[in-house]
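S.K.: Show me the folded form of this:
(one chain, ligands or ions: 1)
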Amino acid sequence: MITKEVLDFDVVILGSGPAGFSAAIYCARGNLKTAVIDTNMFGGQPSNYLEIENYPAFPLISGYELMEKFEAHSDKFGAEKFPMQDILNINLTSQIKEIETQDKIFKSKTVIIATGAQAKKLNIKGEEEFKCRGVSYCAVCDGAFYKDKIVAVIGGGNSALEEAMYLTKFAKKVYIIHRRDTFRADKIICSRACQNNKIEFIMNAQPVEIKGSNCVENIIIKDLKTNEIKQIETQGVFPYIGCNPNTEKFNGQLEQTQEGFIETDINMQTSQKGVYAAGDVRNTPLRQVITAASDGAIAANSAVKYIETLTPAIV
Ligand code: NAP
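M.R.: Below is the predicted model:
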């Protein structure tokens with residue numbers, strides 16, 4: 001049997017995107033013994049964003065570079081980092097919280113959950129079958145494979161429109177297939193996409209199947225007004241239809257929405273004492289780098305205040 005290393009912290013932050021590192025900066029600077037744990041490398045989802053142009057004071061910066069700055073800033077105040085941790089168990093209900101990984105047990109007075117969210121699936125025939133063979137959830141990672149090809153982006157939010165524009169750098173044609181006749185994306189992004197002559201919009205349409213032999217060759221869509229079924233030639237399908245929260249390790253221990261997003265109050269307090277949630281993983285009206293960073297700061301401040309109230313026995 002492996003004897004696991006037991007580590008004690010004031011705060012363990014789960015996730016290292018903008019919410020996680022912002023919380024780490026505030027906690028470590030607030031003199032809490034702080035750990036940042038991630039199941040992957042650091043930086044979270046924004047590390048994959050090619051360009052970010054709405055994070056204040058940075059008119060244009062790559063997501064990777066911005067997240068490197070978050071990490072360096074957190075390092076400066078001494079937050080300890082644990083990347084690539086395979087989390088086996090989390091107990092958030094006891095006064096001292098426990099996070100068990102392959103070879104460590106983290107014990108902590110508080111936990112800040114900043115595990116983010118991941119791409120939603122269309123859940124249609126062919127989606128799983130053609131994953132990595134034409135179906136991709138990351139234009140930045142896979143766009144270059146579609147030079148002079150035709151691709152279809154699904155969705156009508158900021159992600160769909162921005163990633164479609166990015167894909168026009170490679171593809172000869174990009175369809176945006178959206179289930180309504182108006183977009184959820186910001187007006188400025190819509191107007192840029194409309195001006196891009198490589199983009200063709202297919203509105204009021206729902207994908208029903210992805211087809212091909214070895215790789216994707218077609219997407220079958222249903223016109224939601226006429227019920228007509230159409231086949232569109234495409235070599236790539238990029239669903240950008242929103243996200244699901246990364247909460248599977250602690251589902252059931254906290255109050256969550258029907259979709260699984262964690263409920264918090266304005267102090268980022270969850271339904272469990274000493275446990276806070278920040279960023280995309282929580283029930284929030286806006287999922288941006290700036291709002292995640294702001295959540296992280298508030299969660300950290302709440303953790304600092306909570307620890308001050310604890311009895312000396314566990315301080
Ligand atoms: P989103 O805003 O939730 O948009 C998802 C889109 O996918 C919606 O248009 C939705 O249609 C559609 N959709 C959802 N389920 C679908 C299904 N099963 N089949 C077909 N279409 C479906 O998600 P997002 O674009 O990923 O953005 C997530 C958050 O990140 C948002 O808060 C967004 O503002 C933010 N974000 C911001 C930026 C930026 O500011 N630069 C960039 C990227 C993302 P309906 O509209 O009909 O619901």
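
S.K.: Which pLDDT does the model give the residue of the stretch 101-250 of the chain found nearest the ligand?
M.R.: Minimum separation of the stretch 101-250 of the chain from the ligand (C-beta to the nearest ligand atom) falls at Gly157, amounting to 2.4 Å. Just so you know, the C-beta spots here come from the backbone N, C-alpha and C atoms, and that holds for glycine as well. pLDDT, Gly157: 96.

S.K.: Skipping its backbone neighbours, what lies nearest it in space?
M.R.: Spatial nearest neighbour of Gly157, chain neighbours left out: Arg184 (4.5 Å); criterion: C-beta to C-beta, 6 or more residues apart in numbering.

S.K.: tell me which strands and helices the host helix or strand of Glu162 is in contact with?
M.R.: Per DSSP states H and E, Glu162 falls inside helix 158-167. Judged by 3 or more C-beta pairs under 8 Å, 6 or more residues apart in numbering; DSSP states H and E, helix 158-167 is in contact with helix 139-142, strand 150-154, strand 173-177, helix 187-194, strand 236-239.

S.K.: Could you give the separation of the second one from the chain centroid?
M.R.: Right, strand 150-154. Once both centres are worked out by C-alpha atoms, centre = their mean, to the nearest Å, strand 150-154 turns out to sit 21 Å from its chain's centre.

S.K.: Need the contact partners of it.
M.R.: The contact list for strand 150-154 (C-beta atoms under 8 Å, 6 or more residues apart in numbering) reads 122, 139, 160, 163-164, 167, 171-178, 207, 219, 232-241.

S.K.: check contacts around the residue of the stretch 101-250 of the chain closest to the ligand.
M.R.: 183-185, 240-242.

S.K.: State the next helix or strand along the chain beyond the helix or strand hosting Leu66.
M.R.: If you go by DSSP H and E, Leu66 is part of helix 63-76. Downstream of helix 63-76, the next assigned helix or strand under DSSP H and E is strand 80-82.

S.K.: That next one pairs with which strands, parallel or anti?
M.R.: strand 34-37 (parallel) (DSSP bridges).

S.K.: Now for the protein, the helix or strand with the poorest mean pLDDT.
M.R.: helix 139-142 (a mean of 83; mean pLDDT, DSSP states H and E).

S.K.: interface residues of the stretch 1-150 of the chain facing the ligand?
M.R.: Residues of the stretch 1-150 of the chain lying close to the ligand (C-beta under 6 Å from any ligand atom) are 54, 122.

S.K.: now the residue nearest to Tyr26 when sequence neighbours are not counted, what's its secondary structure?
M.R.: The spatially closest residue to Tyr26, leaving aside those adjacent along the chain, is Ala300, at 3.3 Å (C-beta to C-beta, 6+ apart). Of the three states, Ala300 takes helix under DSSP: H, G, I helix; E, B strand; the rest coil.

S.K.: from what I can see Ala300 touches Asn31, true?
M.R.: No: applying C-beta atoms under 8 Å, one finds Ala300 not in contact with Asn31, separated by 11.4 Å.

S.K.: Between the two, tell me which one has more neighbours.
M.R.: Set Ala300 next to Asn31 and count neighbours by other C-beta atoms under 10 Å: Ala300 wins out with 29 against 12.

S.K.: how close does that one sit to the ligand?
M.R.: From Ala300 over to the ligand the distance is 22 Å, taken as C-beta to the nearest ligand atom, to the nearest Å.

S.K.: ok, now which ones touch that residue?
M.R.: By C-beta under 8 Å, 6+ apart, the contact list for Ala300 reads 11, 22-27, 30, 32, 112.

S.K.: Please tell me how far it sits from Thr291.
M.R.: Applying C-beta to C-beta, to the nearest Å, the value for Ala300 to Thr291 is 15 Å.

S.K.: Ile124 now?
M.R.: Going from Ile124 to Thr291 by C-beta to C-beta gives 31 Å.

S.K.: Can you give me the domain assignment for this protein?
M.R.: Segmentation of the chain into domains, based on automatic domain parsing, reads 5-118+243-309, 121-239.
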